[in-house]
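S.K.: Give the three-dimensional model of this entry:
(one chain, ligands or ions: 1)
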Amino acid sequence: MVICLKNTQNCFYYRSVIRDIFMILFLFLFIPSFGEIYEDDFEDSSPGLVWTDAMGIHSIIDVTSESRLSGITHPCSGTKVIKVAEDGNTAGIHLTLAGGEGQDMTVEAWVFCEGNDGSVSHSGYQAIVARASYQGIENFIRLAWDPDHSESGDSGDGWVKLQAYNGATWDYFGIDYSQFGSQTQGYILNGTTWSSSWHKFKLVVGGNQVSAFIDDMETPQATGTMSITLRDGQGGFYVYTSGDYAGYFDNFSANVTIPPPTDFDVLIRNGEVYTDGNSSSQLTDIGINREMISEMGDLSGKSADVTIDASNLMVTPGFIDAHTHADSGGALSSYINQGVTTVVTGDCGSSPSVTNVGAYYNSLEGELGPNYIGLVGHNNLRSAVGLSGSTPTPTQMTAMKNYLDQALRDGAFGLSTGLIYASGYNSTTEEIIELAGVVASHKGVYASHMRSEGEFLLEAVDEAIQIGHEGGCNVQISHIKCAGPFAWGEASQVLAKVDAANAVGDQVRMDQYPYTASQTTLDVLLPSWALDNWSDAVTNHRVELEEDVRELIYDRGGAENVYIISGTYNHQYLSEVATSLGKDPEDVMINNIGPGGGSAIYFQMQEDDVQTFMAHSQLMLGSDSPTSDHPRGSSTFPRFWGHYVRDLGIFSKIEGVRKTSTLAAQQFRLLEQKRGILQVGYYADITIFGYNSIIDRADYDNPTLSPLGIKYVIVNGGVVVNNGVYQPAYSGKVLRLSNQTLVENWYVY
Ligand SMILES: [Zn+2]
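M.R.: Residues are numbered from 1 along each chain as shown. Prediction:
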């Protein structure tokens, strides 16, 4: 949202959503209080807000449910009054704006109220002062309360301030905060003493979300709760209230749209622009306003708040990490720092919610670094209906399908299986086909961590393809690999199966991380039949157990290739542990480690297979992270670009763009949501990097070392990496498959 505060000489505008939120918040925040009627232009609208600006423009804001305010302009300096009236009660804000170009903008707002008992018996005065400085990127916002009626400006007794980051320090007074962008909360004090029962005020700042509520008001006029919440990061907000004064702010929403005084929020100049993974580069400028690309071409005569000189840099669609476990959302800076603007989550059969997916997605909004795509985990789906064995009852099957269907309606993009993990390894192909049918009805994706990536790799690929074919949905084979000596050299055979399926009209794609080692639990070295009843297996089936464990270790490349990264034997190879204990590796696994023994790096792939897969036209990048133990968690995308595309010269730049963005955008139908390519009218998810400088630095000893060469990362128009420096903007959104036809028209340009 942009609010322009303009006068005849100067014009500048707020860029940060958070700043905008505060402005809006101040315009409409009413603290019921002892007050006085401010004698100024006043119109009674019942219910309603009246804005009268210095130019005599009157705007009446209907505060009935879900109403919207738009088209209000704000002359810059001067005094304005907003009043609310209903049933003889009045309340409002007297607002004075001042400032000039290159100066801080000062907004001072006096909140005034008249009691709803009809009398004007209240004395006293309260004030909220908002002060917003907005040169550069970092700014501060101040919300202060002046219970000693000093009206404005002074910093004397009684001031209580809630302040955000000021570019250098956190200035706060009686405020509990964590950090700008996550949560700030505090209590407005009476004087300098904390009082949770006296005028409690809480403010939550979370990227695009702000909510504020006031409760425990001890004034007789207001005992209710008031909250203001930004609408889904799209500008405007709701005000929810209950209680005397605030009662008629029920479900208020408002949006203020002002034409920007500069042409663009962000302008990218002189870059080598790849609009998608199918087209040659072009020299074009990209103008961004708010979340969208609003103009492309020669924009040399245009102005912008932030101008990025992309000379000698590649400008591409933001990287899409097609396979992650970033289920819990948040800043996800290790992805952002790789140039990733969208993560696919809920992979390998595991997702955080299967029965209330919509609410879970909502809970992530406003605090996301990159955009978020969720899949529904098959293993969680099974747990949700009490299924752990091989055959669901008809009731369980129906329940799983219903949960899945609802999740897809709530925005999930498909189903993932983890067929080497509990309890997916017990499921039949038929069960998954039936679920895939539900996915197909929403045109979603079936992503599979297959039953085997080693000895039974080819059979597992057959199963994944069969599920997609019979279920009728897109297939994504997760972290494709030839794991262990049984499977080494089989990449071409796998790809022949993929090609054959695609040739008959199926849609089979793969994701991959560009490394020869994997990372997963140590449990994968134990047979699933034994995991289901471990003590029985150890006691009564010892011989078969040892045999199977020995084979599983071999299948993973042998004990000398299993590098343990947790537990008692942290940072030792399984072979080393066996030697030091004087035991066989299978003995160590059964007796010394056992089920739930943590995690390991498995050096179980061959570079030839990695490259053979990578070269396939239907392969996209997927980090399979987060992990702080494997370099893929910090470096998948820069390694692909620096090592494979540039240094080894295996791919053209266009093909690189395709594998890091376009193909995944197709897989998840993001183009229908105006994402995944650089085009006017599409969301500004953009990665800008130096082709000559991009490279990974992390290895297995230093797995979290950040990569080089990523210069700018833009998520929904928010600059999250600025000249190589990460700066949290929380501009990511939860993407929803079911919302793809939704046209976001909150902003009127
Ligand atoms: Zn997996």
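S.K.: Go ahead and confirm residue 316 touches residue 687.
M.R.: Yes - under the criterion of C-beta atoms under 8 Å, residue 316 makes contact with residue 687 at 5.5 Å. No exception for glycine: its C-beta is placed from N, CA and C like everyone else's.
S.K.: intersection of neighbour lists for these two?
M.R.: With contacts defined as C-beta atoms under 8 Å, 6 or more residues apart in numbering, the residues shared by residue 316 and residue 687 are residue 661.
S.K.: Start and end of stretch 338-354, how far apart?
M.R.: As for stretch 338-354, its first-to-last residue distance stands at 29 Å under the measure C-alpha to C-alpha, to the nearest Å.
S.K.: cool, stretch 583-593 as well?
M.R.: Taking C-alpha to C-alpha, stretch 583-593 runs 13 Å from one end to the other.
S.K.: cool, stretch 561-569 as well?
M.R.: Distances were taken as C-alpha to C-alpha; on that basis the terminal residues of stretch 561-569 are 14 Å apart.
S.K.: Quick one: name the residues of the stretch 201-350 of the chain near the ion.
M.R.: Contact residues, the stretch 201-350 of the chain versus the ion (C-beta under 5 Å from the ion): residue 348.
S.K.: err, the chain, not the other one
M.R.: Near the ion, when you scan the chain using C-beta under 5 Å from the ion, you find 348, 449.
S.K.: where does the chain dip in pLDDT?
M.R.: In the predicted model, the chain carries pLDDT under 70 at residues 1-261, 739-749.
S.K.: Spell out which helix or strand contains residue 421, please.
M.R.: With the criterion set as DSSP states H and E, no secondary-structure element contains residue 421; it sits in neither a helix nor a strand.
S.K.: Just give the number of residues close to it.
M.R.: By other C-beta atoms under 10 Å, the residues close to residue 421 number 21.
S.K.: and if you look at residue 542?
M.R.: 11.
S.K.: mind checking how far it is from residue 530?
M.R.: 10 Å (C-beta to C-beta, to the nearest Å).
S.K.: Now for the residue of the stretch 201-350 of the chain at minimum distance from the ion: which residues touch it?
M.R.: Residue nearest to the ion within the stretch 201-350 of the chain: residue 348 (3.3 Å; C-beta to the ion). Taking C-beta under 8 Å, 6+ apart as the definition of contact, the neighbours of residue 348 are 325, 377, 416, 417, 418, 421, 449, 478.
S.K.: List buried residues within the residues you listed.
M.R.: Members of these that pass the buried threshold by neighbour count (16 or more other C-beta atoms under 10 Å) are listed as 325, 377, 416, 417, 418, 421, 449, 478.
S.K.: Which one of the residues you listed is nearest to the ion?
M.R.: The ion has its nearest neighbour among the buried ones among the contacts of residue 348 in residue 449, at 3.5 Å by C-beta to the ion.
S.K.: Okay, and the beta partners of that closest one?
M.R.: residue 418 (DSSP bridges).
S.K.: surely it meets residue 481?
M.R.: No - in this structure, residue 449 is not within contact of residue 481 by C-beta under 8 Å, at 10.8 Å.
S.K.: can you pull the buried residues of the host helix or strand of residue 430?
M.R.: Here residue 430 sits within helix 429-441, counting by DSSP H and E. By neighbour count with 16+ other C-beta under 10 Å, helix 429-441 contains the buried residues 429, 431, 432, 433, 434, 435, 436, 437, 438, 439, 440.
S.K.: ranges for the strands of the stretch 301-450 of the chain?
M.R.: Listed from the start of the chain, the stretch 301-450 of the chain has strands (DSSP state E, counting those that start in this stretch) covering 304-309, 314-317, 319-321, 340-345, 371-374, 376-377, 414-418, 445-449.
S.K.: Could you spell out the sheet neighbours of the third one, each with its direction?
M.R.: Same thing as strand 319-321. When DSSP bridges is applied, strand 319-321 pairs with strand 340-345 (parallel).
S.K.: tell me the contacts of the residue in the stretch 501-650 of the chain positioned nearest to the ion?
M.R.: The stretch 501-650 of the chain approaches the ion most closely through residue 624 (6.2 Å), counting by C-beta to the ion. The neighbours of residue 624, taking C-beta under 8 Å, 6+ apart as the test, are 323, 324, 325, 347, 478, 479, 511, 513, 518, 519, 632.
S.K.: hmm, back to that, I'd like the buried ones among the contacts of residue 348 as TSV, with distance to residue 488 appended.
M.R.: Converted to TSV, these look like this (distance: C-beta to C-beta, whole Å):
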residue	distance to residue 488
325	26
377	30
416	26
417	24
418	23
421	24
449	20
478	19
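S.K.: what number of residues lie near the residue nearest to residue 570 when sequence neighbours are not counted?
M.R.: Spatially, and ignoring its direct neighbours in sequence, residue 570 is nearest to residue 564 (6.2 Å; C-beta to C-beta, 6 or more residues apart in numbering). For residue 564, the number of neighbouring residues by other C-beta under 10 Å comes to 22.
S.K.: repeat for residue 702
M.R.: For residue 702, the number of neighbouring residues by other C-beta under 10 Å comes to 10.
S.K.: what's the answer for residue 580, then?
M.R.: Residues near residue 580, counting by other C-beta under 10 Å, number 11.
S.K.: swap in residue 398?
M.R.: Residue 398 is surrounded by 13 other residues when neighbours are defined as other C-beta under 10 Å.
S.K.: How about residue 529?
M.R.: Look at residue 529: counted by other C-beta under 10 Å, it has 15 neighbours.
S.K.: now it, nearest residue through space, not along the chain?
M.R.: Nearest residue to residue 529 in three dimensions, chain neighbours excluded: residue 537, at 7.1 Å (C-beta to C-beta, 6+ apart).
S.K.: now do residue 619
M.R.: Using C-beta to C-beta, 6+ apart and skipping residues adjacent in sequence, the residue nearest residue 619 is residue 510, 4.9 Å away.
S.K.: Name the secondary structure element that contains the one you found.
M.R.: Here residue 510 is covered by strand 508-512, with elements defined by DSSP H and E.
S.K.: what is the orientation angle of that strand with strand 445-449?
M.R.: With axes from the mean of the first three to the mean of the last three C-alpha atoms, to 10 degrees defining the directions, strand 508-512 sits at 50 degrees from strand 445-449.
S.K.: The helix or strand following strand 508-512 - contacts with which helices or strands?
M.R.: Tracing the chain C-terminally past strand 508-512 and defining elements by DSSP H and E, one meets strand 517-521 next. For strand 517-521, the packing partners by 3 or more C-beta pairs under 8 Å, 6 or more residues apart in numbering; DSSP states H and E come out as strand 599-603.
S.K.: contacting residues around residue 334?
M.R.: Applying C-beta under 8 Å, 6+ apart, we find residue 334 in contact with 625, 626, 633, 634, 704.
S.K.: before we move on, what about residue 507?
M.R.: Residue 507 makes contact with 468, 474, 475 under the criterion C-beta under 8 Å, 6+ apart.
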